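Asker: quick one, fold the following:
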Amino acid sequence: MEQKILTFLLALLPTFLMLHLLNMFFWATGLGIIIILPLIFIINIIVIIVGLTVASHLKKIYKRLVWGAMILITLIVPMYLWPQEYLPNVFKQIENSISNSIGWFLSHL
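Answerer: Here you go, the predicted structure:
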């Protein structure tokens, strides 16, 4: 039982790290964070429970694929749902930053 709880908490760790990074870099959330934060945890907990249940019935290589997919989903969900008060969504801001960086790099060659 303790092993399952530890595994669950380990699977939830990327969610906490992503929320911390989002809070640091995309802080203009407004009051939307009050609704979205519990929703992020509920969705990610469901994803983790389903992923761990499926992984427990598979061979080792498939378990790794399930874990990879599970971690990827638990990282994308907070980024997709993270509210922004007056700026575009997180994905658009990251896309703009990357295109601006590439443009700056190419102009300085």
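Asker: what's the nearest residue to Ile48 if we skip its chain neighbours?
Answerer: The spatially closest residue to Ile48, leaving aside those adjacent along the chain, is Ala11, at 4.6 Å (CB to CB, 6 or more residues apart in numbering). Backbone N, C-alpha and C define where each C-beta goes, glycine included.
Asker: the helix or strand of the chain with the lowest mean pLDDT packs against which elements?
Answerer: One helix or strand of the chain scores below all others by mean pLDDT, DSSP states H and E: helix 90-107, with a mean of 85. The contact analysis (3 or more CB pairs under 8 Å, 6 or more residues apart in numbering; DSSP states H and E) places helix 90-107 against helix 60-81.
Asker: my read is that the residue nearest to Ile48 contacts Val50, right?
Answerer: No: in this structure, Ala11 is not within contact of Val50 by CB atoms under 8 Å, at 11.0 Å.
Asker: looking at the two, which is more packed in?
Answerer: Ranked by neighbour count (other CB atoms under 10 Å), Ala11 and Val50 place Ala11 first, with 21 against 13.
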